[in-house]
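Trainee: Can you look at this prediction? I've put the sequence above it.
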Amino acid sequence: MLLPLLLLYTQSPAPAPTPTRTAPPFDHVILISVDGLRSDALLINGSEGLPHFQRLMYGAHTLNARCDPHYSVTLPNHTDMLTGRLVKGEGGHGWTSNATPPPEGILVNKEGGIFQGIYHQTSAAGIDDAFLASKPKFLLFTQSWNPTFDLRVMDVVLVKDDVEAQMDLVFQMLDEEQHQRSFTFLHLRGPDDAGHAEGWDMTPGSHYLKAVQDADRQIGRILTFLDEHQALRKSTALVVTADHGGGVPHKNHHGHGMMLVNTMIPFFIDLPESERIDLYQLCATTRRDPGIDPVANDADKLPPIRNGDAANLCLALLGLESIPGSTVNVAQDFVGALYQ
Ligand SMILES: [Zn+2]
């Protein structure tokens, strides 16, 4: 009762209390990469066909993110996403091949060391982590980061075309009796498979759009699970993006030429109490909306949001520092802007 009376005699009024938002660190972060997901596919099926992507569009997001400025294929872009580096340029990881690597293929730097990734940071912090990929080419990461049992930095590893097995492990990582804190990378390959088989076909009902709907269903399983477990929902963040789009110059390819349909991808940050925020507005001092520029790699301009932002963003959401030597989103811009 004393406080209001005291306030009456204060010379200057006390500042109005600012609402506080739940700040990081989150206990669980899930990074989902939807292989071959073109942003405009999310505008076609609408809320009936893609209810969960629609829901993500009510959080912090942009549909105008970009893949790596020189490569619109799977393996170089996932290396960006997991190491916080671009392929080329100062500090580039240099992995350009999109083929399944030979057994000796590893992410080695000029000094002969291994490029570090998200998993080195989570492991050092004692956070359980999972790597759930669905194409054999992702063995690049297990060969680099889990070369032997004693030297491994990834705790749970699955490289298999088996979405049910992947999803089982996603839910296991959210079981707090087993994992108090976790980072999970989930790679969904369906849209890319459909695109290569029958084209990045934007006709309603196409094989490609059905595959995008299936990715929506899988993401929906995670969102629904979190809805049903509110304590877990409050401590879990999702980041959803893609490695590349597709459709040019041949309808069932994506790697030849940096065309907008190949390079324009979505980027979503799903937090417990999401507000609809355009990520370019949120990060106006550090990122530039590239409009229809497919590459957006002008040295004298701010960079666009890229899938490579995901690595250090996920670490920031876990309350961890950026990957040593990384070059993309080193200052962990998004979280700072979201919670300032
Ligand atoms: Zn592909």
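Mentor: Received the coordinates, thanks. Residues are numbered from 1 along each chain as shown.

Trainee: Show me the strands in the stretch 201-340 of the chain, by range?
Mentor: 236-241, 264-270, 277-278 (DSSP state E, counting those that start in this stretch).

Trainee: what about the shortest one, distance to the chain center?
Mentor: So that's strand 277-278. 16 Å (CA atoms, centre = their mean, to the nearest Å).

Trainee: start the count at 38, not 1, going forward
Mentor: Okay, residue one is now 38; in that scheme the one you just asked about reads as strand 314-315.

Trainee: Throw the strands of the stretch 238-377 of the chain into JSON lines and include mean pLDDT, thanks.
Mentor: Output for the strands of the stretch 238-377 of the chain, formatted as JSON lines (pLDDT from 0 to 100):
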{"stretch": "strand 273-278", "mean pLDDT": "98"}
{"stretch": "strand 301-307", "mean pLDDT": "98"}
{"stretch": "strand 314-315", "mean pLDDT": "94"}
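
Trainee: can you put those strands in a markdown table and add mean neighbour count?
Mentor: Glycine gets a C-beta too; all of them are placed from N, C-alpha and C. Below are these laid out as a markdown table (neighbours: other CB atoms under 10 Å):
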| stretch | mean neighbour count |
| --- | --- |
| strand 273-278 | 25 |
| strand 301-307 | 25 |
| strand 314-315 | 16 |
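
Trainee: Can you say which of these is nearest to His233?
Mentor: Closest to His233 of the strands of the stretch 238-377 of the chain is strand 301-307 (CB to CB; 17.0 Å).

Trainee: How confident is the prediction for the closest residue in space to Ala162 that isn't next to it in sequence, by pLDDT?
Mentor: The shortest distance from Ala162 to any non-neighbouring residue, by CB to CB, 6 or more residues apart in numbering, is to Leu357 (5.5 Å). With respect to pLDDT, Leu357 has a value of 97.

Trainee: ok, Leu357 - contacts?
Mentor: Leu357 is in contact with Pro62, Gln158, Thr159, Ala162, Ile164, counting by CB atoms under 8 Å, 6 or more residues apart in numbering.

Trainee: Distance to Pro184 for the strands of the stretch 238-377 of the chain - can I get that in CSV?
Mentor: Below are the strands of the stretch 238-377 of the chain laid out as CSV (distance: least, CB to CB, whole Å):
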stretch, distance to Pro184
strand 273-278, 27
strand 301-307, 31
strand 314-315, 41
